[in-house]
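**Q** Curious how this folds, go ahead:
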Amino acid sequence: MQEWAEVALRTLMAIAILFLITKILGKRQVSQLSLFEYITGITIGNLAASIPLERESAWYLGSVSMAVWVLTTFFIELLQIKSKKARDFIDGKTTTLVKDGKILEDNLKKERLTLDELMEQLRSKNVFKVADVEFALMETSGEVNVLLAKDKQAVTLKDLNMLQLPEKEPTAIIMDGQLMEQEMAYMGITQQWLDAKLKEKSLTVKDVFFAQLNPQGELYIDQYSDNVQMSKVQDSNQAVLTLLEKCTTELQKLAADSSEQQRKQLYEQCSQSLKEAIQDMKPINSANS
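**A** Predicted coordinates:
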């Protein structure tokens with residue numbers, strides 16, 4: 001086998017192995033990985049990268065090493081699921097950094113966290129006063145979660161003894177100029193109702209790129225880009241016509257109020273020129289619409 005073909009084959013094999021590993025170990029965001037899982041990810045990535053380019057005859061040993069890493073990680077995860085002590089030993093425990101508005105210096109030192117880093121973490125949670133904090137905990141992932149004091153928390157409907165009824169989520173009812181019939185049925189609307197709403201804006205379903213209905217019955221409509229541009233052109237033309245008509249009216253008033261014959265003729269000539277310009281623009285505006 002030629003060298004380039006062998007490298008390609010090994011690369012495909014490494015991709016397949018990584019895909020299987022991902023399926024076995026499950027999916028988590030990077031921020032949710034424990035320290036051991038993070039190290040495992042880096043190691044497996046390095047081993048997978050070395051397989052395609054290994055020139056020695058024993059290149060397959062990289063796959064063996066990957067298999068050992070994956071099996072070890074898999075059994076550790078099973079152990080963590082079954083044992084709280086194993087979780088505490090492998091992942092560690094949460095650490096209280098602030099309690100009742102008081103910073104716990106010893107715990108900061110234990111986690112090797114500076115005051116600047118603590119304040120940065122608090123600000124990321126929209127907390128700027130340490131005195132407002134009931135608890136601030138560092139999770140095993142390194143993230144800091146904050147509980148504000150009771151008198152600093154936002155008032156909820158439950159606090160006001162108000163009943164909050166469940167709501168439906170906003171739902172797309174038109175996508176790419178096509179009706180979403182199942183979604184319309186879910187929101188309890190008919191095509192006649194939708195057509196009436198679109199008619200108010202001089203639109204049809206095919207003119208709409210995206211339409212979304214919220215639980216309050218408010219309809220959001222996004223037209224195709226070319227329709228939006230055409231609408232802007234029409235609005236601009238109409239604005240110019242309106243301005244010219246106002247100018248014509250003002251010139252006619254000036255001509256009627258003027259006592260000088262020469263000035264009166266000048267106003268009338270300007271007014272007539274504007275009228276002719278308006279007549280020339282009206283067919284253009286009609287064609288754009």
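**Q** pretty sure residue 134 is in a strand, no?
**A** Yes. Assigned with DSSP: H, G, I helix; E, B strand; the rest coil, residue 134 falls within a strand.
**Q** How is residue 203 classified with respect to secondary structure?
**A** Relying on three-state DSSP, one would call residue 203 coil.
**Q** Tell me the pLDDT of the most far-flung residue of the chain relative to its centre.
**A** Taking CA atoms, centre = their mean, the residue of the chain most remote from its mean C-alpha position is residue 261, at 67.9 Å. At residue 261 the predicted local confidence, pLDDT, stands at 81.
**Q** and what of residue 59?
**A** In the prediction, the pLDDT value recorded for residue 59 is 63.
**Q** Find the centremost residue of the protein, please.
**A** In the chain, the C-alpha nearest the mean C-alpha coordinate belongs to residue 170, at 15.0 Å (CA atoms, centre = their mean).
**Q** And that one, how far from residue 206?
**A** Per CB to CB, to the nearest Å, residue 170 is found 22 Å from residue 206. No exception for glycine: its C-beta is placed from N, CA and C like everyone else's.
**Q** next one: residue 50
**A** Taking CB to CB as the measure, residue 50 falls 55 Å from residue 206.
**Q** Look at the two and report which has more neighbours.
**A** The residue with more neighbours, out of residue 50 and residue 206 and counting by other CB atoms under 10 Å, is residue 50; that gives 16 against 12.
**Q** Just the element for that one, please.
**A** Per DSSP states H and E: residue 50 is located in helix 35-53.
**Q** Can you name the next helix or strand after that helix?
**A** Stepping forward along the backbone from helix 35-53, the first helix or strand reached (DSSP H and E) is helix 61-82.
**Q** And that next one, what does it pack against?
**A** The contact analysis (3 or more CB pairs under 8 Å, 6 or more residues apart in numbering; DSSP states H and E) places helix 61-82 against helix 3-25, helix 35-53, helix 84-91.
**Q** okay, that helix in CSV with CA atoms only?
**A** Below are the C-alpha coordinates for helix 61-82, written out as CSV (Å, rounded to 0.1, in the frame of the first residue of the first chain):
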residue,chain,number,x,y,z
LEU,A,61,-0.2,0.2,19.8
GLY,A,62,-1.6,3.8,19.9
SER,A,63,-5.1,2.3,19.5
VAL,A,64,-4.4,-0.1,22.3
SER,A,65,-3.3,2.8,24.5
MET,A,66,-6.5,4.7,23.6
ALA,A,67,-8.6,1.7,24.4
VAL,A,68,-7.0,1.4,27.9
TRP,A,69,-7.6,5.1,28.5
VAL,A,70,-11.3,4.8,27.4
LEU,A,71,-12.0,1.7,29.5
THR,A,72,-10.3,3.2,32.6
THR,A,73,-12.3,6.4,32.2
PHE,A,74,-15.5,4.5,31.6
PHE,A,75,-15.1,2.4,34.8
ILE,A,76,-14.2,5.5,36.8
GLU,A,77,-17.4,7.2,35.7
LEU,A,78,-19.4,4.1,36.7
LEU,A,79,-17.7,4.2,40.1
GLN,A,80,-18.6,7.8,40.5
ILE,A,81,-22.2,7.1,39.7
LYS,A,82,-22.4,4.4,42.3
